[in-house]
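[1] quick one, what's the 3D model for this:
(one chain, ligands or ions: 2)
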Amino acid sequence: MNFQKIFAKPPEAEASAPGRVNLLGEHTDYNDGFVLPTAIPQRTTVQLGSSTDGQDHFYSEDLDEQVSILESNRTPSGFASYIFGCIQLLQKEGHTIPSLNLHVKSTVPIGSGLSSSAALEVATLRAVRQLLNLPINDVEIAQLAQQAEIHYAGVQCGIMDQMASSLADTEHMLFLDTRTLERRVVPFPSGAEIVVIDSGVPRTLAGSGYNERRAECEEAARLLGVKALRDITDSSATEVLPEPLRRRARHVVTENNRVLEVLHQVSSQRFGELMNASHASLRDDYEVSVPALDTLVEILQKTAGVFGARLTGAGFGGACVALVGAGEGRGIASNVLEQYNQTGNTGRILVPATDF
Ligand code: ADP
Ligand code: MG
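    Numbers count the residues shown, from 1 in each chain. Ligands and ions are numbered 1, 2, ... in the order given. Now for the predicted structure:
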């Protein structure tokens, strides 16, 4: 149901924000390292109007769920926590926010690793900024969005998703130094586009596996006497570490170097090789892949027109991303999906977007 149907009046402001996919630089953001996401065409749209009954009302058309905030000092659960967090943080920054009616509608797949959560936060903050003419910039929006996800939704995330949703577009890659927030817009290698396919394997172990890897990286950095693994540039320096810390640290160091190489305008072939190397490193050194992701990546890598492929996101399930020849994405994706589904899995094409 649209805004008018739910709230019996038209919206006063509207804003949207995209989901994202990370092309290189996986598990580097909590090591102060480098990432290279791009925005995807799917977006989340938030419409807003002032509420006259003194309460906030949040409605998601995608979940067909409405949450009313009765007590402003208690964080709601579920999707409302992300929105509530954004509004609370704006108030803590000193902005006066009236009670709101808020409507969410999205084409970003939820829970597939394309960051529907960051798209929701950034779209919410943009819509409030627009409604009230708030003097906040896109980097501040990303930072508030990350704080909302950590402190209100309870997800320990880095800054990549929110920076990508707030600052990236679909025509470029966004190089981001997660320590300094220095960033650079990087063109795609010439003659290439991206394909993203969901493996259909839920990311069940993602939470515990992610926390374990984070702890291993912190321990590796401590043993090497650096603030974060980002401070190691030569992977041979990791050889003094005990296993499995040695391989974990080697992944982070080599992955950061792969991202940095791309800043020097590499060819599609070279970019693809770096993606393949990233997958091997995530599978063997970081151990966050699962058999279905390896199968999907292998099929992609064997397919004509594919420059390279890797799992994307935290791993343990979720999606794979590939760089393919421009104009070939749709054909390659359906051909690969057919082969992948014959292996007993049920995948889904996420990019190029087909369903809107
Ligand atoms: P993702 O990889 O998609 O970001 P997360 O688990 O981080 O996966 O975030 C998904 C959560 O974000 C959902 O469970 C829901 O609470 C919230 N969310 C995202 N998009 C929407 C939406 N359109 N409507 C309602 N809630 C949403
Ligand atoms: Mg998320």
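[2] name the residues that touch the worst-scoring helix or strand of the chain on mean pLDDT?
    Every helix and strand in the chain was compared by mean pLDDT, DSSP states H and E; the lowest is helix 206-224, with a mean of 92. Applying C-beta atoms under 8 Å, 6 or more residues apart in numbering, the external contacts of helix 206-224 come out as 27, 30-31, 156, 227-229, 231-232, 237-238, 240-241, 244-246, 248-249, 252, 286, 288, 314-318. All C-beta spots, glycine's among them, are computed from the backbone N, C-alpha and C.
[3] residues of the helix or strand just after it that come out buried?
    Using DSSP states H and E, the helix or strand that follows helix 206-224 in sequence is helix 245-262. Residues of helix 245-262 classed as buried: 245-260, 262 (neighbour count, 16 or more other C-beta atoms under 10 Å).
[4] helices or strands up against the very next helix or strand once past helix 245-262?
    Sequence-wise, the next helix or strand downstream of helix 245-262 (DSSP H and E) is helix 268-284. For helix 268-284, the packing partners by 3 or more C-beta pairs under 8 Å, 6 or more residues apart in numbering; DSSP states H and E come out as strand 13-24, helix 245-262, helix 291-302, strand 306-312, strand 319-325.
[5] the longest one versus strand 13-24: what angle between them?
    Meaning helix 245-262. If you take axes from the mean of the first three to the mean of the last three C-alpha atoms, to 10 degrees, helix 245-262 sits at 110 degrees to strand 13-24.
[6] check the fourth one too.
    For strand 306-312 against strand 13-24, the angle between stretch directions is 110 degrees (the same axes, to 10 degrees).
[7] for the stretch 101-250 of the chain, which residues are neighbours of ligand 1?
    Counting by C-beta under 6 Å from any ligand atom, the residues of the stretch 101-250 of the chain close to ligand 1 are 104, 106, 110-117, 120.
[8] farthest pair within those?
    Taking C-beta to C-beta as the measure, these span a maximum distance of 19.3 Å, between Val104 and Gly113.
[9] hang on, the earlier thing: quick check: ChimeraX command selecting the buried ones in the contacts of helix 206-224.
    Listed next is the ChimeraX selection for buried residues among those, using 16+ other C-beta under 10 Å:
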select :27,30,31,228,229,231,232,238,241,245,246,248,249,252,286,288,314,315,316,317,318
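[10] about what we covered before: nearest to Met163 among the residues of the stretch 101-250 of the chain next to ligand 1?
    Ranked by distance to Met163 (C-beta to C-beta), those are led by Ser115 at 10.6 Å.
[11] tell me the contacts of the one residue in the stretch 251-356 of the chain that gets nearest to ligand 2?
    Taking C-beta to the ion, ligand 2 has its nearest neighbour within the stretch 251-356 of the chain at Gly313, 8.9 Å off. By C-beta under 8 Å, 6+ apart, the residues touching Gly313 are 22, 26, 113, 203, 319.
[12] looking at these, spot the one nearest ligand 1.
    Lowest distance from ligand 1 to the contacts of Gly313 (C-beta to the nearest ligand atom) belongs to Gly113, with 4.6 Å.
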